[in-house]
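Trainee: Requesting a structural model of the entry that follows:
(2 chains)
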Amino acid sequence: MTAQPILYSYFRSSCSWRVRIALALKNIDYETIPTNLIKDGGQQFSKEFQALNPMKQVPVLKIDGITIGQSLAIIEYLEETRPTPRLLPQDPKKRAYVHMISNLIVSGIQPLQNLSVLKQLRQENNLPWAQKAISSGFQALEQILQGTAGKYCVGDEVTMADLCLVPQVANAERFEVDLTPYPAISRINKTLLALEAFQVSHPCRQPDTPPELRA
Amino acid sequence: MTESGKPILYSYFRSSCSWRVRIALALKNIDYETIPTNLIKDGGQQLAIIEYLEETRPTPRLLPQDPKKRAYVHMISNLIVSGIQPLQNLSVLKQLRQENNLPWAQKAISSGFQALEQILQGTAGKYCVGDEVTMADLCLVPQVANAERFEVDLTPYPAISRINKTLLALEAFQVSHPCRQPDTPPELRA
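Mentor: Down below sits the predicted model:
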């Protein structure tokens, strides 16, 4: 009997949320080991965690005897080994759009507004810095979606791009970014949030969600 | 696409993101036209380009067939492309005070390389993952070039240094090198 996958996750981490959505969509049972990025100076800095993921970041997934860091690498592995339902279109050009949008968020926006970067700035600069990173990225994304979006980011099926979008919009809201200039992003986000996989994986419903933030 | 159907690459000679794509095009023997642009918005979208090239021009392969090895390739590629490069690219550095640029960039690169060096202990053969050139190697070499530009001491990273040196000897990594591009300034030309 194969062991259940183990996900190291923080309830509020947008990167962890991407993977939680994938696991939910693909109906994969897993165990969560909550890793608090703030408590005890950040549990991701412990020796044990560092041995697990030298990048000292969540999410990390232990599955099939391997340990994978980086949310997109995890999602791609799940896609290749548990292909139903698909998270990447079959058409290479549509796949390219999915990868492009996913990477725009995952490399172009999120790293610039994550905790470890904000900690290096002066406290009073955190909000404007994060807002700028998100707005520039969303401005570009809104434009791209004009050409790719149907019901969702790329056409009418949920893809990896949608898994990246929703958590990033949640971050935008947390940083008080005005979303009025991004109607396509807002519409798609709202449509996705109605889906079960996006709800069960939501930060407000995790094992480590603090009581005051629980749904 | 040009009239003949040749791909067009908008590239900046010094951009590590452009260099990754140029290596892929060289490895796959794809003729292309370069439009030099120094307003490239970096952001890891070059991985999307490389994946598209891999799917539509599959020889030679840049991703292993084995899903676990592929996972390592994606993990290393994303570590560099999301975890290091965005933090030290020009648009970020421009937002900091000038005197903070170098330490900031060095910190981003060293933390990332420290993690990568550890990961390579488990994945590397001749190259980043096993003994074939993969997308991870296309990400590594340009990032090492950035490290050198930011005067990062590479002594703590012997695996990174060894693999980088091995890769730089390959033709695709040479023809695509920043010092040999249409827009390379004369003083930096090979």
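
Trainee: residues in contact with stretch A:148-163?
Mentor: With CB atoms under 8 Å, 6 or more residues apart in numbering or on different chains as the test, stretch A:148-163 has contacts from A:18, A:21-22, A:25, A:72, A:75-76, A:79, A:85-89, A:94, A:97-99, A:101-102, A:105, A:145, A:165, A:184, A:188, A:191-192, A:195. Any C-beta I mention is one placed from the backbone N, CA and C, and that applies to glycine too.

Trainee: Now do the buried residues in the top helix by length along chain A.
Mentor: Under DSSP state H, the helix in chain A containing the largest number of residues is helix A:126-148. For helix A:126-148, a neighbour-count test (16 or more other CB atoms under 10 Å in any protein chain shown) marks A:126, A:129-131, A:133-138, A:140-142, A:144-145, A:148 as buried.

Trainee: what do you get for stretch A:115-125?
Mentor: Buried residues in stretch A:115-125, counted by 16+ other CB under 10 Å: A:Ser116, A:Val117, A:Leu118, A:Leu121.

Trainee: which one of those sits closest to chain B?
Mentor: Chain B lies nearest to A:Val117 out of the buried residues of stretch A:115-125, by CB to the nearest CB, at 6.5 Å.

Trainee: which ones are touching the closest one?
Mentor: Residues near A:Val117 by CB under 8 Å, 6+ apart: A:Pro111, B:Leu87.

Trainee: May I have the helix or strand hosting it as PDB, with CA atoms only?
Mentor: Using DSSP states H and E, A:Val117 sits in helix A:115-118. The C-alpha trace of helix A:115-118 is given here as PDB (Å, rounded to 0.1, in the frame of the first residue of the first chain):
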ATOM      1  CA  LEU A 115       7.100  37.700   3.100                       C
ATOM      2  CA  SER A 116      10.800  37.100   2.800                       C
ATOM      3  CA  VAL A 117      11.100  40.100   0.400                       C
ATOM      4  CA  LEU A 118       8.900  42.400   2.300                       C
END
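
Trainee: what's around A:Ala170, how many residues?
Mentor: 18 (other CB atoms under 10 Å in any protein chain shown).

Trainee: Likewise for A:Cys153?
Mentor: Neighbours around A:Cys153, by other CB under 10 Å: 29.

Trainee: now swap in A:Asn114 and tell me
Mentor: 21.

Trainee: Okay, it and B:Gly112: tell me how far apart.
Mentor: Relative to B:Gly112, A:Asn114 is positioned 14 Å away (criterion: CB to CB, to the nearest Å).

Trainee: want to throw the buried residues of stretch A:115-125 into a markdown table with pLDDT?
Mentor: As requested, the buried residues of stretch A:115-125 are arranged in a markdown table below (pLDDT from 0 to 100):
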| residue | pLDDT |
| --- | --- |
| A:Ser116 | 89 |
| A:Val117 | 92 |
| A:Leu118 | 93 |
| A:Leu121 | 91 |
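
Trainee: Is it possible to mark the buried ones in the contacts of stretch A:148-163?
Mentor: A:18, A:21-22, A:25, A:72, A:75-76, A:79, A:87-89, A:94, A:97-99, A:101-102, A:105, A:145, A:165, A:184, A:188, A:192, A:195.

Trainee: Among those residues, name the ones in strands.
Mentor: Assigned to strands by DSSP state E, none of the buried ones among the contacts of stretch A:148-163 qualify.

Trainee: OK, contacts around the residue nearest to A:Leu37 when sequence neighbours are not counted?
Mentor: Among residues not flanking A:Leu37 along the chain, A:Tyr10 sits closest, at 5.0 Å (CB to CB, 6 or more residues apart in numbering or on different chains). By CB under 8 Å, 6+ apart, the residues touching A:Tyr10 are A:Ser16, A:Pro34, A:Thr35, A:Asn36, A:Leu37, A:Val58, A:Asp208.

Trainee: Which two among those are spaced furthest apart?
Mentor: Greatest spacing in the contacts of A:Tyr10, by CB to CB: A:Ser16 and A:Asn36 (11.7 Å).

Trainee: the more surrounded of those two?
Mentor: Using other CB under 10 Å as the criterion, A:Ser16 and A:Asn36 rank with A:Ser16 on top: 29 against 14.

Trainee: Let's verify A:Gln57: helix, strand, or coil?
Mentor: Three-state call for A:Gln57 (DSSP: H, G, I helix; E, B strand; the rest coil): coil.

Trainee: Need the phi and psi values for it.
Mentor: A:Gln57 has phi and psi values of phi -140, psi 150 when expressed as degrees, to the nearest 10.

Trainee: about what we covered before: pLDDT score assigned to the residue nearest to A:Leu37?
Mentor: As summarised for this prediction, A:Tyr10 has a pLDDT of 97.

Trainee: Which secondary structure element of chain A has the lowest mean pLDDT?
Mentor: For chain A, the helix or strand with the lowest mean confidence is helix A:115-118, at a mean of 91 (criterion: mean pLDDT, DSSP states H and E).

Trainee: got any ranges where chain A has weak pLDDT?
Mentor: A:1-2 (pLDDT under 70).

Trainee: the helices in it, which residues?
Mentor: Using DSSP H, helices in chain A cover A:14-25, A:47-52, A:71-81, A:92-108, A:115-118, A:126-148, A:160-174, A:183-193, A:196-200.

Trainee: which residues make contact with stretch A:70-90 from outside it?
Mentor: Outside stretch A:70-90, the residues that touch it by CB under 8 Å, 6+ apart are A:15-16, A:18-19, A:22-23, A:25-26, A:28, A:55, A:59, A:61, A:63-64, A:68, A:95, A:98, A:102-103, A:106, A:154-155, A:157-160, A:163, B:67-68, B:70-72, B:74-75, B:77-79, B:82-83.

Trainee: Just the CA coordinates for it, please, in PDB.
Mentor: Extracted C-alpha coordinates of stretch A:70-90, given in PDB (Å, rounded to 0.1, in the frame of the first residue of the first chain):
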ATOM      1  CA  GLN A  70       8.100  24.700  -6.200                       C
ATOM      2  CA  SER A  71       4.300  24.800  -6.700                       C
ATOM      3  CA  LEU A  72       4.400  24.500 -10.500                       C
ATOM      4  CA  ALA A  73       6.800  21.600 -10.400                       C
ATOM      5  CA  ILE A  74       4.400  19.800  -8.000                       C
ATOM      6  CA  ILE A  75       1.400  20.600 -10.100                       C
ATOM      7  CA  GLU A  76       3.100  19.400 -13.300                       C
ATOM      8  CA  TYR A  77       4.100  16.100 -11.500                       C
ATOM      9  CA  LEU A  78       0.500  15.600 -10.400                       C
ATOM     10  CA  GLU A  79      -0.700  16.300 -13.900                       C
ATOM     11  CA  GLU A  80       1.600  13.700 -15.400                       C
ATOM     12  CA  THR A  81       1.000  11.000 -12.900                       C
ATOM     13  CA  ARG A  82      -2.700  11.600 -12.200                       C
ATOM     14  CA  PRO A  83      -3.900  13.000 -15.500                       C
ATOM     15  CA  THR A  84      -7.600  13.100 -14.800                       C
ATOM     16  CA  PRO A  85      -9.100  15.700 -14.800                       C
ATOM     17  CA  ARG A  86      -6.600  17.500 -17.000                       C
ATOM     18  CA  LEU A  87      -5.100  20.800 -15.800                       C
ATOM     19  CA  LEU A  88      -3.300  21.500 -19.100                       C
ATOM     20  CA  PRO A  89      -5.000  21.600 -22.500                       C
ATOM     21  CA  GLN A  90      -3.900  19.200 -25.200                       C
END
